[in-house]
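S.K.: output the structure for:
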Amino acid sequence: MSRPTRKLATILAADVVGFSKLMDSNEVLTLENLKTCREIVDPIISEFGGRIFHTAGDSVIAEFASPVSSVEAAIEFQQILSDRNKNVSEDSRITFRVGIHLDDVIIEGENIYGNGVNVAARLESICEPGCILVSRFVQEKIEKRIQLTINSLGKSELKNIEGEFAIFQIDPSKEDQTPSTPSPSVETQKEDEKQVSPSVTNLKPRLLVLPFRNLNNDEENGYLVDGIVEDIITEFSMINSIEIISRHTAFNFKGKDIDTNQISSELGVNFIATGSIRSSGSRIRISVELTDPINGSALWSERYDRMMEDVFEVQDEIVRKVIVALVGQLEIASLVRAKRKPTENLSSYEYLLRGKENHHKFSKEGVLEGLEMFDKSIEADPDNAQAYAWKVCTLGQGMFRGYLEESTDVLFEQAKKTLEKALDINPNDFECHRMFCEVYKSFEDFEKAEFHGRKAYEMNPNDPRIVSGYGEYLILSGKTDQGLELLIKAYELDPNGLGESNTDKRIGDIVFGSFVHGDYEKSLEYAEKIDMLTNNAWIAKIASLSALGKNEEKEKEKGKFLESNENFSFEDHINSFHFQNKSVNEKMIGLLN
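M.R.: Below you'll find the model as predicted:
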């Protein structure tokens, strides 16, 4: 008789809690739900390197080479099944319990026998619903390698198994809440010495959504992770009762170690949302947490496991649930949200994300690649209004920076036709109205610019691009009180501007707007806040110095400007400003002479 083949293996045993009762209640429905849950469990076991070698009714037994992988797989499917149970009726809920043991086993064909299997099965039978029980042999291997707390349940005898076993429980529904060590500067500060930015005490919540971590650590899906976060920020910006820090400022923190207390003080935020995204095959998991940045406490957290085609639905769900946590259920009825949503065609959406990613590069290559991506997005879904709007935005960037070979007249006409198409598709798309405001400002059609700028602002009052664009229109049309107020609001929402190639643009807009408003001191005050002024802001600074009679400083600054801009004509440049009242152009030219 040949010796049996033996090996050391980790055995996972799982079955459904109360399966017989469920079958008695509704046999057909129970079998349908079990099939659905097995379609979740089985692929995850395989994904983590496991092999199912036995099934009987509601039970599953699998072998793993690694104890860590077996526990990670169990945590994964238990969390997904828990989320599923929250979204189905009570009679459709299926709950598993899991036992895991590491021991010597006997291999016979495709089957496995021995003490490893028996102990895992006994652990599963006494496990709490939705939890995982592991033996000490497994606990010793996984300790410090998983993020969840492992609780000791002491020693216990298992039915028909000789001896006592040390048993440990893992509850996948409870994340490890071990607090991080506070920074010395915060910890040693006396309570009455702590200074919180005044805006932190505002009744209106101010939220920062930090870039989510890409747990796949691959560049290929990086654009998808960033795009989802950007869309979440955009959705939040449509809500009047919440102030949201812009995408541009938020992404300055990408990949950096941060001090949330310091961020709260600098940006005046009283809530910070963080998260992570991991995709596997056709599934995606999004985890989100809302924290109080002052004390670091977690206020709310949630996990979403969906098929890739449900990304948009998950996005809406995240927004809705965070809103509930922030301002309460009673506020939701009064929130005004724009009637706009990205196309649900994933291929078109991916092209859109890639196009936006290239747009944000502010380079010739980025403009050309971005236009190609938006065209592909439109080709994949001709009804994707956002693709048309972002194409116009990128055309505008190409025009302004001289990246495109076509004449301005040709590009303007192309932009108008593209926007008209977008508005035909979705008259409530704020991106389209924002772009139309920009186009009509350039044509000096102030009535149409006013209509579209105001429409975009009413739809999305916390998007800094919309706030700034409408503010610029108001400045040009002579409504400088309102315009300057909006330019300052845009800066508060987006204090880091538009990245390296647009350094301090928001402050530059205030410098220019303050000059036109006649507040020359404020113009100079904001000009001193930054090292690199745009040409328009620099010209406004020189004109403000002249208006205040500071002629020596004016001539010095004017000399620096002309050194940096050879063959520059102040008169030609200022006459290109689209003021409704041309006396403003004349006044500025006079102050610069």
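
S.K.: what's the distance between Gly549 and Tyr520?
M.R.: 10 Å (CB to CB, to the nearest Å). For every residue, glycine as well, the C-beta is placed using N, CA and C.

S.K.: look at the two and report which has more neighbours.
M.R.: Applying other CB atoms under 10 Å to Gly549 and Tyr520 shows that Tyr520 carries more neighbours, namely 21 against 10.

S.K.: that one contacts Ala540, correct?
M.R.: No. With contacts counted by CB atoms under 8 Å, Tyr520 stays clear of Ala540, the gap being 9.2 Å.

S.K.: overlap in contacts of those two?
M.R.: Here Tyr520 and Ala540 share the contacting residues Ser514, scored by CB atoms under 8 Å, 6 or more residues apart in numbering.

S.K.: what's in contact with stretch 133-151?
M.R.: Residues contacting stretch 133-151 (CB under 8 Å, 6+ apart): 10, 67-68, 70-72, 75, 97-103, 119, 123-124, 126-127, 153, 165-172, 174-176, 178.

S.K.: from those, list the buried ones, please.
M.R.: The neighbour-count criterion (16 or more other CB atoms under 10 Å) marks 10, 67, 70-72, 75, 97-103, 119, 123-124, 127, 165, 167-172, 175 among these as buried.

S.K.: could you list which of the residues you listed belong to helices?
M.R.: Here DSSP state H is the test, and the buried ones among the contacts of stretch 133-151 give Pro67, Ser70, Val71, Glu72, Ile75, Val119, Leu123, Glu124 as lying in helices.

S.K.: of those residues, which is the nearest to Thr55?
M.R.: The nearest member of those to Thr55, counting by CB to CB, is Glu124 at 13.7 Å.

S.K.: which residues does the closest one contact?
M.R.: Glu124 makes contact with Ala13, Ala14, Asp15, Arg97, Val98, Gly99, Leu133, according to CB under 8 Å, 6+ apart.

S.K.: so what's the residue count around the nearest residue to Asn575 once chain neighbours are set aside?
M.R.: The spatially closest residue to Asn575, leaving aside those adjacent along the chain, is Asn585, at 5.7 Å (CB to CB, 6 or more residues apart in numbering). Residues lying near Asn585 (other CB under 10 Å) number 16.

S.K.: secondary structure class for Pro293?
M.R.: coil (DSSP: H, G, I helix; E, B strand; the rest coil).

S.K.: give me the number of residues near it?
M.R.: Other residues within reach of Pro293, judged by other CB under 10 Å, total 21.

S.K.: that one contacts Asn270, doesn't it?
M.R.: Yes. When contacts are counted by CB under 8 Å, Pro293 is listed as touching Asn270 (7.1 Å).

S.K.: helix/strand/coil for Phe579?
M.R.: Strictly by three-state DSSP, Phe579 counts as coil.

S.K.: is it true that it touches Leu476?
M.R.: Yes. Between Phe579 and Leu476 there is a contact at 5.5 Å, judged by CB under 8 Å.

S.K.: who has more neighbours out of those two?
M.R.: Taking neighbours as other CB under 10 Å, Phe579 and Leu476 compare with Leu476 leading, 22 against 19.

S.K.: so the more buried one versus Gly469, what's the distance?
M.R.: As defined by CB to CB, Leu476 lies at a distance of 11 Å from Gly469.

S.K.: please enumerate the strands of the stretch 151-300 of the chain.
M.R.: 164-170, 206-209, 213-214, 243-244, 271-280, 283-291, 298-307 (DSSP state E, counting those that start in this stretch).

S.K.: and the ones you listed as JSON lines, adding mean pLDDT and distance to Phe446?
M.R.: Listed next are the strands of the stretch 151-300 of the chain as JSON lines, based on pLDDT from 0 to 100; distance: least, CB to CB, whole Å:
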{"stretch": "strand 164-170", "mean pLDDT": "90", "distance to Phe446": "65"}
{"stretch": "strand 206-209", "mean pLDDT": "84", "distance to Phe446": "33"}
{"stretch": "strand 213-214", "mean pLDDT": "87", "distance to Phe446": "45"}
{"stretch": "strand 243-244", "mean pLDDT": "76", "distance to Phe446": "29"}
{"stretch": "strand 271-280", "mean pLDDT": "83", "distance to Phe446": "39"}
{"stretch": "strand 283-291", "mean pLDDT": "80", "distance to Phe446": "42"}
{"stretch": "strand 298-307", "mean pLDDT": "73", "distance to Phe446": "45"}
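
S.K.: Glu357 is nearest to which of these?
M.R.: Ranking these by proximity to Glu357 (CB to CB) places strand 213-214 first, at 13.6 Å.

S.K.: tell me which strands and helices that closest one is in contact with?
M.R.: If contacts are counted by 3 or more CB pairs under 8 Å, 6 or more residues apart in numbering; DSSP states H and E, strand 213-214 sits against helix 222-237, strand 271-280.

S.K.: so which of the ones you listed is the most packed in?
M.R.: Ranked by mean neighbour count, the helices and strands packed on strand 213-214 are led by helix 222-237 with a mean of 22 (mean count of other CB atoms under 10 Å).

S.K.: dump that helix to PDB, keeping only the CA atoms.
M.R.: Provided in PDB are the C-alpha atoms of helix 222-237 (Å, rounded to 0.1, in the frame of the first residue of the first chain):
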ATOM      1  CA  GLY A 222      -4.400  56.000 -12.400                       C
ATOM      2  CA  TYR A 223      -6.400  58.200 -14.700                       C
ATOM      3  CA  LEU A 224      -9.600  56.400 -13.700                       C
ATOM      4  CA  VAL A 225      -8.900  56.900 -10.000                       C
ATOM      5  CA  ASP A 226      -8.200  60.600 -10.500                       C
ATOM      6  CA  GLY A 227     -11.100  61.000 -12.800                       C
ATOM      7  CA  ILE A 228     -13.600  59.500 -10.300                       C
ATOM      8  CA  VAL A 229     -12.300  61.800  -7.600                       C
ATOM      9  CA  GLU A 230     -12.500  64.800  -9.800                       C
ATOM     10  CA  ASP A 231     -16.100  63.900 -10.700                       C
ATOM     11  CA  ILE A 232     -16.900  63.500  -7.000                       C
ATOM     12  CA  ILE A 233     -15.500  67.000  -6.300                       C
ATOM     13  CA  THR A 234     -17.600  68.400  -9.200                       C
ATOM     14  CA  GLU A 235     -20.800  66.800  -7.900                       C
ATOM     15  CA  PHE A 236     -20.200  68.300  -4.500                       C
ATOM     16  CA  SER A 237     -19.600  71.700  -6.000                       C
END
